[in-house]
Every structure is written in structure tokens, then in C-alpha cells.
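A.B. asks: quick one: sequence and predicted model below, then my questions.
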2 protein chains.
Amino acid sequence: MSIAERKERQRAERYELILAAARGLAEAEGWDAVTTRRLAELINYSQPVLYSHFKGKADIMAAVATRGFEELARRLRMEAANVTGAPDVLRNVCAAYLDFARSRPVVYEAMFVLPTKIKFASEETPPTLRVAFEALVAALGPDREEPVFLAEVLWSALHGTVVLAQSERIPATGAEVRLDVLVRMFSSDRGDGGDGPRAGQSQIRVQVGAAADNSME
Amino acid sequence: MSIAERKERQRAERYELILAAARGLAEAEGWDAVTTRRLAELINYSQPVLYSHFKGKADIMAAVATRGFEELARRLRMEAANVTGAPDVLRNVCAAYLDFARSRPVVYEAMFVLPTKIKFASEETPPTLRVAFEALVAALGPDREEPVFLAEVLWSALHGTVVLAQSERIPATGAEVRLDVLVRMFSSDRGDGGDGPRAGQSQIRVQVGAAADNSME
DNA sequence: GCAGGGATACTAGCGGCGCTAGAATTTTGT
DNA sequence: ACAAAATTCTAGCGCCGCTAGTATCCCTGC
């Protein structure tokens, strides 16, 4: 049965090829430029081949989004798990979220902006997506009232800054300050009893992260 | 020159007819269903007539959005001006924003979600849009540090809740609680020294407003 | 070694999209 | 009444997502 295995492996490789082509094309020219014809040309197959892997264009985008959920969950989980050692988990998790959105804008768009058939906030929600949300809840710290709603609002604020900035509806400059403001608003100790330079630190952190992680693959 | 006036008036009427048709069709079936062919059919003219009024479909949507900016600015300004008498301006302004987004979801989409050529945060920003933002700044109250950035984050949070809820990425239930949370986060006096039942009041307010203002016009 | 048969990929085409050139029609001014 | 000007329409371009039907390839069993 080795021959069947090889075939399946080649199929899986082509599946990945399609996903990579879709993401690459979207990153280069936006999702509007990702057409079935151009995708077919990129992978050196004819259009109908795409439909043997995916139900349609929306399905391809959903697959890209799913990969995004995995990466986002991984990043957030890593920051949220650092309860010991790092004093400001909330800021790090928020920074990681913004960092992800900035480094993979079109993936973020497929995940959270464009219409998708992926179910949110239901039983069939992808586990990775749930993990990402739980990281937000955890980042807010213990003993907070209405933790789920609070996390939803935090997520909304993060998402809002991302999409408004990406669509140039709020200026790109000031992203660091907005992070400062946002973290202060949602931290459990509001009156800034903490150390002052904390803000400056994170500004650098976000900037560097965004600049370093802009590669396409 | 009365005949030229009549012609111009008829042109203006047809312009309005197109806008109304576009908004109505979008409200009934979403922006994807708003095609130049269907619009032409709705107004009983052929397609190219649309292009004598607008540069293209995007221009029509921008016009719908512009009308939306006017209405939103009017609503927010009204709530923000109530400094005297109303103790919680912030809550009322936020509620008005959410109310608008819920009552005119597709207009909101054209304004703040879909790609647009309208310039934000620049010199050529529509005055009404600027007014709306100023209302947000005012609602936050005086003597706050970084008022503009703070307003940007508040707007982001409001926008985030709207779009995540509209795209069913956070559950529709809980909108009132999220408003409560959000207002508490951004109010200048954080420790809830105010009266308790305030939240319940506003919940009713928002719900009634959303239900009453759902007409297609 | 080689024909049959199933899997695989292709060509071609459908209806619909935004948009526009050029023809046909209506309206205007003389 | 008639030519000119403004207006509206017909027809079509290149593109889209998607699919039916055909051709090709490769594995299987003799």
C-alpha cells in the first residue's frame, strides 16, 4: 500500500501548495486578487483541481484562517502562561495579539473580518480559537467580575484598534500609545501604582516584533 | 432658466432614488446583492445612468456612508451636548453609537468596515465625521490624559463589539452587559461609586432604540 | 506485456460581475 | 420645422466563481 500512501502525501503537499499560494497572493495583492484562476496558475494546475481539495474559494480562505487560529492561540498561550516571572501578563498578551495582527494582516482579515463559515462562540468552535480566547480571559487576572464579558470587550477593543488602523481609519502612528491606554483601562489595578517606564518598554517590544515578523512564509 | 432648474431637481431626485435603492437593497440582502444591474432595474433605468451620477459602485457606497456619518454625528452630538442634566454622558453616547450601528447595520458596514476611499484622520476628513469623533472625546469628560488616544481606544472598543457581534463572532446576547463593562472601563471614576440600577436603565434604553429604528426608509 | 477500467486533470462554458463605447433617442434652441 | 446638443440605451469587454463533460494517465489483473 506504499503507492497509495505516496499519492496521499502528494495530495497533502498540493493542499499545502494551494494554501501557501493563497496566503502569499493575498499578502502581496490583497484577498481580492486571490481568484481561482490566478491560484490555479500559481500552482501550475487547472482550476478544477482546486475544487478537489476545497469546496470553493471561501473554503480556501477558511483553511488559511484556521492556520491563523493555531498560530494566534500558540502565541497568546505562551504569553498568558507566563504568570510567574512576568508581572504584566495582560500587556504581553495584548502586545502579542497586536503583533500577530500586524505581522499577518491578511490572515487576520480572513480570521476576523471577512465573512466566514467558521462558527464562533458555539459548540463547533475550533478548539484553537477557544484556547486563544481563554488566554485573553486568563490575562485579565483572577477575581474579576464577569470575566467572560470582560474578555469579550477586551477582545473587541484589540480587534477595533487593529481593523481601524489597518483600514487607515485611525492613524497608524500612536499604536503604542493606544496599547498603553488600553492596558491601563483593563488592568485590575487602575490607579497607575506600577512603575512608570513599563509603557516605554512595551513600545519597543511591539515595534521590534512587528518589524521582525513581516516575512511571507 | 426654470427648465434647467427642473432638470437639475429631477437629477437630484434620481440621485436620491439611487441612494435609497442601494441602501434598501443592501439592508434586504446585503452589500453583495447590490449590483449595478439590480440597482438599474430597481430605479427603472439602464446601467450607464448610474455612472452619470456616480463614478462606480464604490462611489455609491461612499455616498451612503456619508449620509451615515451625518446621522451618526447628529445622534452623538445630541447625547454629548447633554452635559447639564444627564449625569452619565459617556454611557449615553456609547449607547447612541451602538444603537446607530444596530439600527443601520449595512450603513455602518459601508462607513467603517468595507473598503472606502473616504479619508479618515486627515485634512480631507468629512466634517461630520470629525464632529462624531469630537463627541466621543467630549463624552469622556474633561481633564483626562491623552484624550484623543483615549477616544480612539474607546471608539475601537465600540467598533469591535459592533463588528464582532454583527459577524456573529461574539454572541448577540450580552450586548447590554458588554456596554456596562465598557462604560465602567472608560469612565473617569472607576470604582463604581454611582448608583447601581443605572445599568438596568440603559439596557432597556438600548433595546427599545434598536427595535424602534429598524425601518428601511 | 498489455488491454481494461478507474482515478485524475483538462478544456470549455454558464451566468453574473463592474464598467464603457457607440448607437439611438429625446430635448433644446433657433 | 429642423439641426444640434444632451440624454439614455443596447451591446459587449474582460473578469469572476464554479461545473459538466471529455481526455489522459496509471494501476490492476490476466
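C.D. replies: That came through fine.

A.B. asks: so in chain A, which helix runs the longest?
C.D. replies: helix A:2-29 (DSSP state H).

A.B. asks: does it come close to chain B?
C.D. replies: No - applying C-beta under 8 Å from any C-beta of the partner chain, one finds helix A:2-29 separated from chain B by no less than 13.6 Å. All C-beta atoms are positioned from the backbone trio N, CA, C, and that covers glycine.

A.B. asks: kindly report the same for stretch A:145-161.
C.D. replies: Yes - judged by C-beta under 8 Å from any C-beta, stretch A:145-161 and chain B are in contact via A:146, A:149, A:150, A:152, A:153, A:155, A:156, A:157, A:158, A:159, A:160, A:161.

A.B. asks: got the buried residues for the helix or strand harbouring the last one?
C.D. replies: Right, residue A:161. Assigned by DSSP states H and E, residue A:161 falls within helix A:147-166. Buried positions in helix A:147-166, judged by neighbour count with 16 or more other C-beta atoms under 10 Å in any protein chain shown: A:148-166.

A.B. asks: one step back: need the residues of stretch A:145-161 next to chain B in a markdown table (columns: distance to residue B:96 and pLDDT).
C.D. replies: Listed next are the residues of stretch A:145-161 next to chain B as a markdown table, based on distance: C-beta to C-beta, whole Å; pLDDT from 0 to 100:
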| residue | distance to residue B:96 | pLDDT |
| --- | --- | --- |
| A:146 | 23 | 92 |
| A:149 | 21 | 97 |
| A:150 | 23 | 97 |
| A:152 | 21 | 98 |
| A:153 | 18 | 98 |
| A:155 | 23 | 98 |
| A:156 | 17 | 98 |
| A:157 | 19 | 98 |
| A:158 | 23 | 98 |
| A:159 | 21 | 98 |
| A:160 | 17 | 98 |
| A:161 | 21 | 98 |
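
A.B. asks: residues touching the residue in chain A that DNA strand C sits nearest to, list them.
C.D. replies: Residue nearest to DNA strand C within chain A: residue A:46 (3.2 Å; C-beta to the nearest atom of the strand). By C-beta atoms under 8 Å, 6 or more residues apart in numbering or on different chains, the contact set of residue A:46 is residue A:40.

A.B. asks: got a pLDDT number for it?
C.D. replies: On the pLDDT scale, residue A:46 is placed at 97.

A.B. asks: tell me the one of the residues of stretch A:145-161 next to chain B nearest residue B:187?
C.D. replies: residue A:153 (13.5 Å; C-beta to C-beta).

A.B. asks: do I have it right that the closest one meets residue B:161?
C.D. replies: Yes - counting by C-beta atoms under 8 Å, residue B:161 is a contact partner of residue A:153 at 6.7 Å.

A.B. asks: ok, how many other residues are close to residue A:145?
C.D. replies: For residue A:145, the neighbour count with other C-beta atoms under 10 Å in any protein chain shown is 8.

A.B. asks: tell me the SS of it?
C.D. replies: Of the three states, residue A:145 takes coil under DSSP: H, G, I helix; E, B strand; the rest coil.
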